[in-house]
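> coords please:
(2 chains)
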Amino acid sequence: MTAVAESHPLLAEYDAFEASLDQPAELEALRRRGRDRFEEVGFPTKRDEEWRFTNVTPVGRLEARRAGGERHGLDASKLEPFLVDETQDLVFVNGRFDAELSEAGDLPEGVFAGSLAQALREMPETVLAHLGQHARLDDNPFVALNTAHIEDGAFVYVPRGVRVERPLHLLFVGTAGDEATVSYPRNLIVVEQSAELTVLESYAGFSGDRYFTCPVTEIVGGDNSVIDHYRLGEESVDAFHLATLEIALGRDANHFTHSVNWGGAIVRNDIRAYLGGEGIHCTLNGLYLGRGKQLVDHHMWVDHAMPHCHSYELFKGVLEDSSKAVFNGRIKVHEDAQKTDAKQSSQHLLLSKSAIAQSNPQLEIFADDVKCTHGSTTGHLDDEAVFYLRSRGIGEDAARSLLTYAFAAEVLEEFRLETVKKGLEEYLFTRLPKGDVVRQAV
Amino acid sequence: MLKITNLHAGIDGAEILKGIDLDIKDGEVHAIMGPNGSGKSTLAQILAGREEYEITDGSVDFDGEDLLDMDPEERAREGLFLAFQYPVEIPGVSNTYFLKAALNATREHRGEPEMDAVDFLKLARAKMKMVQMDEKLLQRPVNHGFSGGEKKRNEIFHMAVLDPKLAVLDETDSGLDIDALRIVANGVNSMRGEGRSFLVITHYQRLLDYITPDIVHVLMDGRIVQTGGPGLAKELEDKGYAMVDAVPAGA
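From the prediction side, this is the model:
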């Protein structure tokens, strides 16, 4: 075997990595495609239209190495702050399933929830029927990079007609020692016809740990399925998170994704929903909180391919200090997608003079009988409202926090899973100055 | 209770109040009338602590304290209440819980124990009855989706709960039908008495048929140009503001 000069440091030890894996041949071919594509395109630059406002150069400069099996001191007690009541927790450390930290719950018959690597051994046909079929590695260099490194991650399978009562919590923890690490969680969630699932996908870490998480999650919702999906970003403030979520829905599917983020130095979430059947209802909501020099970028793409589908997007950002947010909201309505009803709203609240928000709605409509609305607002707290509250005896900090909370909480109102909602409300009370007054006043 | 001496104030370099003197004693109800742009609302906003205005001269003494030295919330906790001409809609903030937090901030300031939810609700219900407000409005966000009349009644409801020493009513009567006006006036009248004073700012004499003031002032072009008894309001109604002809009081 001849050694080939590697063009990108993140592929430096690639051959050894691949040789160590024992997975189906089809997967090997998929990984190759990912690797070849990433070799070809490398990291995007600001000249790339899709990355114009988000500079990922610092991610490349991290000089991260693929995380091995070490936990860097992580144990069950350190997971406490990230746990949510009532859920069954499946823990992944640097992208790999950790059976010891996870909870073996009682799942309905035929349901699988756990390690993708394990599923590839036990039920390869089921996995390979969907893995890599939805996320587009040609569109996004980081999908290619992730695909090149498919090894483990979460796999959830809910067979036809089955309802999983207890919410699943897929908790991805990034850890690092002296050396920065990179991990590539690859997740696949398949919910078959008329099946139901509530699932949290969260990414967490500890400040001071320098790492790069590059996950790809594919969600497949069969005809008439119901998926309630929460995505929580609470990465280390010293970490980078460049993620893709690809949702493919069938006829009459009912889908919710609520994406909440407050961690990470640079966070990018590419979320695309492909509405591939009639009568789909798809809600994609988001709330992000930035401070310091954090950058959070949501690139949304709702792809209306069939008639009579409804999509709703409400994204809100609260930005302090010199933080920056990007929201790109693409809605594409194909020629056949008549009677489409698509609503999109993006709102930013700037709490400082140096915070920046970029919001770009992008509507591409090829059908003639559709309803598409979009709105985008960026503003500061309303001085009138602050004064009104103060004139009743509420202190200035509390008044500002109260209005900030009210702005953010509109996104939480839509949550169907009460435990996650309560948890996030509590987070806001602790994060906001004079949060105790806010707790009392809402 | 409130003593304003030679108050000059403006915004963005333009002087709006050009030397206001006013002395409101304990238990008195004063009315200020005046045409548009005379400075009525500016005076109300300055008393409540709106920071956009610049005070260039004069002083305001509130029960022995320098009012102008206090933050808006301090003034409220010390017992000053402003009923807004345009009450602000605040989506997402509950009318009840917010008011409870406001009341407890004042109680804490006075060294009184926090009022719990049960006692607060009892108090709130009683005061709502007084202003004939639908209890459903307790659950709604502050002023959000309220009609014009509901907003004004909500101001009087807030006043009744917060139990201030001095209430400034900024055109609370404007835009109200006669039924709503009576309700607002009844709310004020039932709270009249020792230990509490009112400054009622109005554009129309009609309110003063229901709230009989002790003293009426006419404000024009940033100055109080005439002061008299309740009869002055009636006279103004009949003759119009032209009758005072911008002659400074006491000139």
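> only C-alpha atoms for contact and neighbour calcs from this point on.
Fine.
> which secondary structure element contains A:E26?
Assessed by DSSP states H and E, A:E26 sits inside helix A:25-41.
> can you pull the buried residues of the next helix-or-strand element following that helix?
Per DSSP H and E, helix A:25-41 leads on to helix A:57-61 as the next helix or strand towards the C-terminus. For helix A:57-61, burial by neighbour count (16 or more other Cα atoms under 10 Å in any protein chain shown) applies to A:V59.
> which residues touch helix A:57-61?
Outside helix A:57-61, the residues that touch it by Cα atoms under 8 Å, 6 or more residues apart in numbering or on different chains are A:F43, A:T45, A:F212, A:F240.
> CA atoms only: put the helix holding A:E26 into CSV for me.
Backbone C-alpha positions of helix A:25-41 (Å, rounded to 0.1, in the frame of the first residue of the first chain) are rendered in CSV as follows:
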residue,chain,number,x,y,z
ALA,A,25,-18.9,-3.0,2.5
GLU,A,26,-21.7,-0.6,1.5
LEU,A,27,-20.8,1.6,4.4
GLU,A,28,-17.2,1.6,3.3
ALA,A,29,-18.2,2.9,-0.1
LEU,A,30,-20.3,5.6,1.6
ARG,A,31,-17.4,6.7,3.7
ARG,A,32,-15.1,6.8,0.7
ARG,A,33,-17.6,9.2,-1.0
GLY,A,34,-17.5,11.4,2.0
ARG,A,35,-13.8,11.4,2.2
ASP,A,36,-13.3,12.1,-1.5
ARG,A,37,-15.8,14.9,-1.4
PHE,A,38,-14.1,16.5,1.6
GLU,A,39,-10.7,16.1,0.0
GLU,A,40,-12.0,17.9,-3.0
VAL,A,41,-13.7,20.9,-1.2
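> roughly how far is that helix from the heart of the chain?
Distance, stretch centre to chain centre, for helix A:25-41: 23 Å (Cα atoms, centre = their mean, to the nearest Å).
> pLDDT on it, on average?
Taken as a whole, helix A:25-41 has a mean pLDDT of 94.
> got the contact list for B:N186?
By Cα under 8 Å, 6+ apart, B:N186 lies in contact with B:V131, B:Y210.
> which residues touch stretch B:30-39?
Contacts of stretch B:30-39 (Cα under 8 Å, 6+ apart): B:16-17, B:24, B:40, B:198-205, B:213-223, B:233, B:241.
> meant to ask about stretch B:17-29, not that
Contacts to stretch B:17-29, defined as Cα under 8 Å, 6+ apart, come from residues B:1-10, B:30, B:39, B:42-43, B:58, B:192-200, B:212-215, B:221-224.
> Return the subset of these lying in strands.
Judged by DSSP state E, the contacts of stretch B:17-29 include B:2-10, B:30, B:58, B:197-200, B:215, B:223-224 as members of strands.
> What is the burial count for B:Q85?
B:Q85: 20 surrounding residues under other Cα atoms under 10 Å in any protein chain shown.
> can you check the one 5 residues further on too?
For B:I90, the count of nearby residues is 24 (other Cα under 10 Å).
> which is the next helix or strand following the helix or strand that contains A:L403?
Per DSSP H and E, A:L403 falls inside helix A:396-413. As assigned by DSSP H and E, the chain's next helix or strand after helix A:396-413 is helix A:418-431.
> one step back: now the helix holding A:L403 against helix A:418-431, angle please.
For helix A:396-413 against helix A:418-431, the angle by axes from the mean of the first three to the mean of the last three Cα atoms, to 10 degrees is 160 degrees.
> For helix A:396-413, list the C-alpha coordinates in PDB.
Taking Å, rounded to 0.1, in the frame of the first residue of the first chain, the C-alpha atoms of helix A:396-413 are listed here in PDB:
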ATOM      1  CA  GLU A 396     -34.500  48.100  36.000                       C
ATOM      2  CA  ASP A 397     -32.500  44.800  35.700                       C
ATOM      3  CA  ALA A 398     -35.600  42.800  36.600                       C
ATOM      4  CA  ALA A 399     -37.700  44.800  34.100                       C
ATOM      5  CA  ARG A 400     -35.200  44.100  31.300                       C
ATOM      6  CA  SER A 401     -35.000  40.500  32.300                       C
ATOM      7  CA  LEU A 402     -38.700  40.200  32.400                       C
ATOM      8  CA  LEU A 403     -39.100  41.500  28.900                       C
ATOM      9  CA  THR A 404     -36.200  39.400  27.600                       C
ATOM     10  CA  TYR A 405     -37.800  36.300  29.200                       C
ATOM     11  CA  ALA A 406     -41.200  37.100  27.600                       C
ATOM     12  CA  PHE A 407     -39.500  37.400  24.200                       C
ATOM     13  CA  ALA A 408     -37.800  34.100  24.500                       C
ATOM     14  CA  ALA A 409     -40.500  32.100  26.200                       C
ATOM     15  CA  GLU A 410     -42.800  32.400  23.200                       C
ATOM     16  CA  VAL A 411     -40.700  29.600  21.600                       C
ATOM     17  CA  LEU A 412     -40.900  27.500  24.800                       C
ATOM     18  CA  GLU A 413     -44.700  27.800  24.800                       C
END
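> No further questions, thank you.
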